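Visitor: Sequence isn't available, so here's the structure alone:
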């Protein structure tokens, strides 16, 4: 069983930055892909960013392109999400997810508990 633990959330004013971290209980070199999702109250969960471990290819939701950056440090078993130019619409619970075994499922196999990001205007 893989455990993922997010950290780095908090409160920030619009225009500010935060860096989220997600540390895995296992070697992330063996992951197929890892990603970040978010869910705001009353809204559906949204895929924010994804990275494919072997190719380092990345995907971003249109709503965060040019502002957010996803990266992996496999030596530290950690996934990051650098978030810049934050706005109140970015307020949500942010979740880290991972998949292994050659699969990259839309719903992923493993999820963290989430970290709250609140952006005030």
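Guide: Perfect, thanks for sending it. Predicted model, so just to flag it, every value in this text is computed and none were measured.
Visitor: Note down every partner strand of the strand or helix carrying residue 20 and its orientation.
Guide: When elements are defined using DSSP states H and E, residue 20 is found to belong to strand 18-24. Strand 18-24 has these partner strands in its sheet, going by DSSP bridges: strand 4-7 (antiparallel), strand 78-83 (antiparallel).
Visitor: Now for the residue nearest to the spatial centre of the chain: which residues touch it?
Guide: Per CA atoms, centre = their mean, the C-alpha nearest to the average position across the chain is that of residue 36, at 2.4 Å. Residue 36 is in contact with 20, 22, 47-50, 70, 79, 81, 94-97, counting by CB atoms under 8 Å, 6 or more residues apart in numbering. (C-beta placed from N, C-alpha, C; glycine too.)
Visitor: Could you rerun that using 7 Å?
Guide: Contact partners of residue 36, counting by CB atoms under 7 Å, 6 or more residues apart in numbering, are 20, 48, 49, 70, 81, 94, 96.
Visitor: Same check on residue 21?
Guide: By CB under 7 Å, 6+ apart, the residues touching residue 21 are 6, 7, 8, 78, 80.
Visitor: Could you identify which of the residues you listed has the most neighbours?
Guide: Using other CB atoms under 10 Å as the neighbour test, these are led by residue 6, with 22 neighbours.
Visitor: now that one, nearest residue through space, not along the chain?
Guide: The spatial neighbour of residue 6 that comes closest, neighbours along the chain excluded (CB to CB, 6 or more residues apart in numbering), is residue 115 at 4.1 Å.
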